[in-house]
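Q: Let me see the structure of the following:
(2 chains)
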Number of protein chains: 2
Amino acid sequence: MNLMRIAHVPPAAVELSGSVADAVRAMVDNGVGAVAVVDLGILKGIFSERDLMKKVIYRNLSPDKTPVAEVMTVEVESIKAEMLPADALRLMLERHFRHLPIVDESGKVQGILSIRNLLEHMVEELEDSVNSLTSYFAADGPGG
Amino acid sequence: MNLMRIAHVPPAAVELSGSVADAVRAMVDNGVGAVAVVDLGILKGIFSERDLMKKVIYRNLSPDKTPVAEVMTVEVESIKAEMLPADALRLMLERHFRHLPIVDESGKVQGILSIRNLLEHMVEELEDSVNSLTSYFAADGPGG
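A: Numbering: from 1, shown residues only, chains lettered A, B, ... in the order given. Predicted coordinates for the structure are as follows:
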């Protein structure tokens, strides 16, 4: 299955000049846990509910007065929509990413993949594989 | 595998009389996204980073001045440590739970299960099943 069908598309996004409060509104209004921080549609960083908790609230900063650019994650790995879901999952598990932006050739954000949605998809796919393999066995297998 | 080996044990916890800021400290210090709210060790509710974002920050409430008891989720489903991981996963997916407390007979919290940890575990188990079934096929299957 194409990654774009698993990702949140279009992505929740906030302008690079926005505040943490703007990012929170974008996340809550979209029902997601991370936003792309963009400048003219180009990915500049990512900001998540975990960042909100650790970098803003835990440090007693004001969401209204803190620019999202100051607390976003800048060194963001991004992937192309053509990546296989299993490869995206491996990358996210190895690097401990909870969210991974999908960008096009020009650097524009197309969607945000969450590890939770991806894991749910993988469990469904793997359960289907196990079921079809076991029913093949039940029919006595290839040599039966 | 036992659920207690997948869950966060012991759980991050905050007293029922605590503030949202206390809950945030417990989450950040434990590196988790949800805390059990307890009174004498007994589960009274659960509070998550999503609750922090939606019920506190989005509504412009102060984490210091807001009692966690006012914004926690009270109607918490809990499970026993003996539940099968696959059954716990089904419950969490169907009811859209991200966290599920594990309690003992007396209502004391023993751990908190996150859907992400559970999904990671299920993917590993299912991959093992697919691998052993396909290698069985490679050896020509039960009738080979």
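Q: how about the residues of chain A near chain B?
A: Residues of chain A that fall close to chain B, judged by Cβ under 8 Å from any Cβ of the partner chain: A:21, A:24-25, A:27-28, A:33, A:49-50, A:52-54, A:57-58, A:63, A:89, A:93, A:98, A:115-116, A:119-120, A:122-123, A:126-127, A:129-130, A:133-134, A:137, A:140-144. C-beta here means a position set from N, CA and C on the backbone, and glycine is covered the same way.
Q: From the residues you listed, which land in strands?
A: Of the residues of chain A next to chain B, none are assigned to strands by DSSP state E.
Q: Just the buried subset of these, please.
A: For those, a burial check counting by 16 or more other Cβ atoms under 10 Å in any protein chain shown picks out A:21, A:24-25, A:27-28, A:33, A:49-50, A:52-54, A:57-58, A:63, A:89, A:98, A:115-116, A:119-120, A:122-123, A:126, A:129-130, A:133, A:137, A:141.
Q: List the residues that contact A:L113.
A: A:L3, A:I6, A:A7, A:H8, A:I79, A:A88, A:M92, A:H99, A:L100, A:P101, A:I102 (Cβ atoms under 8 Å, 6 or more residues apart in numbering or on different chains).
Q: same check, this time on A:P85
A: For A:P85, the contacting residues are A:M1, A:L3, A:I6, A:L118, A:H121, A:M122, A:E125, by Cβ under 8 Å, 6+ apart.
Q: Just the pLDDT at it, thanks.
A: Note for A:P85: predicted pLDDT of 90.
Q: B:M122 versus that one, what's the distance?
A: 15 Å (Cβ to Cβ, to the nearest Å).
Q: just A:A36 next, same as before
A: Distance of A:A36 to B:M122, computed by Cβ to Cβ: 29 Å.
Q: Ok, A:E82 next?
A: Counting by Cβ to Cβ, the gap from A:E82 to B:M122 is 26 Å.
Q: quick revisit: where is pLDDT lowest across the contacts of A:P85?
A: Taking these together, the minimum pLDDT is found at A:M1 (61).
Q: where does chain A dip in pLDDT?
A: A:1, A:140-144 (pLDDT under 70).
Q: what's the longest helix in chain A?
A: helix A:115-138 (DSSP state H).
Q: Only alpha carbons, please: show it as CSV.
A: Taking Å, rounded to 0.1, in the frame of the first residue of the first chain, the C-alpha atoms of helix A:115-138 are listed here in CSV:
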residue,chain,number,x,y,z
ILE,A,115,4.5,5.5,13.7
ARG,A,116,1.2,4.5,15.3
ASN,A,117,-0.7,4.6,12.0
LEU,A,118,2.1,2.7,10.3
LEU,A,119,2.3,0.1,13.0
GLU,A,120,-1.5,-0.4,12.8
HIS,A,121,-1.2,-0.9,9.1
MET,A,122,1.7,-3.4,9.5
VAL,A,123,-0.2,-5.5,12.1
GLU,A,124,-3.2,-5.7,9.6
GLU,A,125,-0.9,-6.8,6.7
LEU,A,126,1.0,-9.3,8.8
GLU,A,127,-2.2,-10.8,10.3
ASP,A,128,-3.4,-11.3,6.7
SER,A,129,-0.2,-13.0,5.8
VAL,A,130,-0.3,-15.3,8.8
ASN,A,131,-4.0,-16.1,8.1
SER,A,132,-3.4,-16.9,4.4
LEU,A,133,-0.3,-19.0,5.2
THR,A,134,-2.1,-21.0,7.9
SER,A,135,-5.2,-21.6,5.8
TYR,A,136,-2.8,-22.9,3.1
PHE,A,137,-1.5,-25.3,5.6
ALA,A,138,-5.0,-26.3,6.6
